[in-house]
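S.K.: Below are the sequence and a predicted model for it; my questions follow.
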Amino acid sequence: MTIRKIATVGHPVLRQVARKVTREELASPEMQAFIDDLIETMRDANGAGLAANQVFEPVQICAIEVGDNPRYPYKPKIPLTILVNPEIEPLTDETFDNFEGCLSVPDLRGVAPRVVKIRVRAWDRHGNEFDEVVQGLSAGTYQHEVDHLFGKLFLDRVRDTTTLCTWTQFERFHKAPFVERVQALVARFGS
């Protein structure tokens, strides 16, 4: 496995719409090795997720995993999940304000509204159907990663640019009230 370089905001690959992957391509040793690299890179960077185009491969694959992540101790756990050619369907009009960051936008956070309950359809890394309803804070994580595959960054979702801040200022001024809101969201949805 190889830890890959992560593209940062301003690189054109982050604004590309990634291409779909065929089942044959997905089954290839090269693509399976790439997925291993994607997972290893995400874990090395302490990310909650990582999309293929963030490591300069514009294909519709992303990895999501939240365990005991030091960057996001307030996030509910999500087992390692690989999404191939994902589609998201909102199941409600209700949104929540998610204070987001991104490995491709180093040291910047901001509030992005996210749908509170979604249906995610995709393939897993072996081409099996993935069809799940995801809600609460975890729904925001899925939306963030799938956005990458369509050339969007969380910055595009920020409605109030005065919420943008560095990680240090988030920790100092915004984390406590955000975690309080997150705890209420998790109590309501369990994720």
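M.R.: In hand now; what should we look at? Residues are numbered from 1 along each chain as shown.
S.K.: going forward, measure contacts between C-alpha atoms and count neighbours the same way
M.R.: Fine.
S.K.: Without its sequence neighbours, what residue ends up closest to Ile78?
M.R.: Using CA to CA, 6 or more residues apart in numbering and skipping residues adjacent in sequence, the residue nearest Ile78 is Val66, 4.7 Å away.
S.K.: which phi and psi does the one you found have?
M.R.: phi -130, psi 120 (degrees, to the nearest 10).
S.K.: got it, and Ala51?
M.R.: Dihedral angles for Ala51 - degrees, to the nearest 10 - are phi -100, psi 150.
S.K.: Please look at it and Thr81 and confirm they touch.
M.R.: No - between Ala51 and Thr81 there is no contact under CA atoms under 8 Å: 11.7 Å.
S.K.: any common contacting residues for those two?
M.R.: Contact criterion CA atoms under 8 Å, 6 or more residues apart in numbering; residues shared by Ala51 and Thr81: Ala63.
S.K.: which of those two has more neighbours?
M.R.: When neighbours are counted by other CA atoms under 10 Å, Ala51 comes out ahead of the other of Ala51 and Thr81, with 29 against 17.
S.K.: So the more buried one versus Ile82, what's the distance?
M.R.: 10 Å (CA to CA, to the nearest Å).
S.K.: Packing partners of the worst-scoring helix or strand of the chain on mean pLDDT?
M.R.: Ranking every helix and strand in the chain by mean pLDDT, DSSP states H and E puts helix 175-189 at the bottom, with a mean of 93. Other helices and strands packing on helix 175-189, by 3 or more CA pairs under 8 Å, 6 or more residues apart in numbering; DSSP states H and E, are helix 137-149.
S.K.: Buried ones in the helix it packs on, by neighbour count?
M.R.: 137-149 (16 or more other CA atoms under 10 Å).
S.K.: And for stretch 84-92?
M.R.: In stretch 84-92, counting by 16+ other CA under 10 Å, buried: 84-86, 88, 90.
S.K.: got the contact list for Pro121?
M.R.: If you look again at residue 121, you'll see it is Arg, not Pro. So, once contact is read as CA under 8 Å, 6+ apart, Arg121 ends up touching 86-88, 129-132.
S.K.: could those residues be laid out in JSON lines, adding distance to Glu57 and secondary structure?
M.R.: Formatted as JSON lines, the contacts of Arg121 follow (distance: CA to CA, whole Å; DSSP: H, G, I helix; E, B strand; the rest coil):
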{"residue": "Pro86", "distance to Glu57": "16", "secondary structure": "strand"}
{"residue": "Glu87", "distance to Glu57": "19", "secondary structure": "strand"}
{"residue": "Ile88", "distance to Glu57": "21", "secondary structure": "strand"}
{"residue": "Glu129", "distance to Glu57": "22", "secondary structure": "strand"}
{"residue": "Phe130", "distance to Glu57": "22", "secondary structure": "strand"}
{"residue": "Asp131", "distance to Glu57": "24", "secondary structure": "strand"}
{"residue": "Glu132", "distance to Glu57": "26", "secondary structure": "strand"}
